[in-house]
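> how would this look folded up:
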Amino acid sequence: MSIYVGNLSYAVTQEDLAQVFADYGTVKNVTLPIDRETGRMRGFAFVEMDSSDEETAAIDALDGAEWMGRDLRVSKARPKEDRRSNGNRDSFSRSGGGRRF
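Numbers count the residues shown, from 1 in each chain. Take a look at the predicted model:
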């Protein structure tokens, strides 16, 4: 499982985040998603730690904390949703089709 870190400064680096989270345990990985169109950081990150106890300690300590001029939003990351299907068969698809009678 990983940690979602939101409301980040656009100046943050992977090393910055690893240092902050290292106070709560071993940081295994830091991912900073980049916007494809602008090449700029998207303002959030994912941090993976060595154990769930370390993740919980980091979340409890850092959620709402002020860092680099921003109030962090830190929580357990949710699984990525499948964007190909919205799960509602009655709605229109992206290709413009709808229910057929």
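> Quick check: residue 1 vs residue 64, distance?
Using CB to CB, to the nearest Å, residue 1 is found at 20 Å from residue 64. Placement of C-beta: from N, CA and C, glycine included.
> Just the CA coordinates for the helix ranked longest in the chain, please, in PDB.
Secondary structure of the chain per DSSP state H: the longest helix is helix 52-62. The C-alpha trace of helix 52-62 is given here as PDB (Å, rounded to 0.1, in the frame of the first residue of the first chain):
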ATOM      1  CA  SER A  52       1.900  -0.300   7.400                       C
ATOM      2  CA  ASP A  53       2.800   0.900  10.900                       C
ATOM      3  CA  GLU A  54       5.300   3.400   9.400                       C
ATOM      4  CA  GLU A  55       2.700   4.600   6.900                       C
ATOM      5  CA  THR A  56       0.100   5.100   9.700                       C
ATOM      6  CA  ALA A  57       2.600   7.100  11.800                       C
ATOM      7  CA  ALA A  58       3.400   9.300   8.800                       C
ATOM      8  CA  ILE A  59      -0.200   9.900   7.900                       C
ATOM      9  CA  ASP A  60      -1.200  10.700  11.500                       C
ATOM     10  CA  ALA A  61       1.700  13.200  11.800                       C
ATOM     11  CA  LEU A  62       1.700  14.900   8.400                       C
END
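> which other helices and strands contact it?
Packing partners of helix 52-62 (3 or more CB pairs under 8 Å, 6 or more residues apart in numbering; DSSP states H and E): strand 3-6, helix 14-22, strand 44-49, strand 73-76.
> Next secondary structure after it?
The element immediately downstream of helix 52-62 (helix or strand, assigned by DSSP states H and E) is strand 66-67.
> What's the first helix or strand after that next one?
strand 70-71.
> So for residue 12, what's the pLDDT?
Per-residue confidence (pLDDT) for residue 12: 94.
> ok, the closest residue to it other than its chain neighbours - contacts?
Closest residue to residue 12 apart from its sequence neighbours, by CB to CB, 6 or more residues apart in numbering: residue 68 at 6.3 Å. Contacts for residue 68 were tallied using CB atoms under 8 Å, 6 or more residues apart in numbering; they are 8, 9, 11, 12, 16.
> Brilliant, that's me finished.
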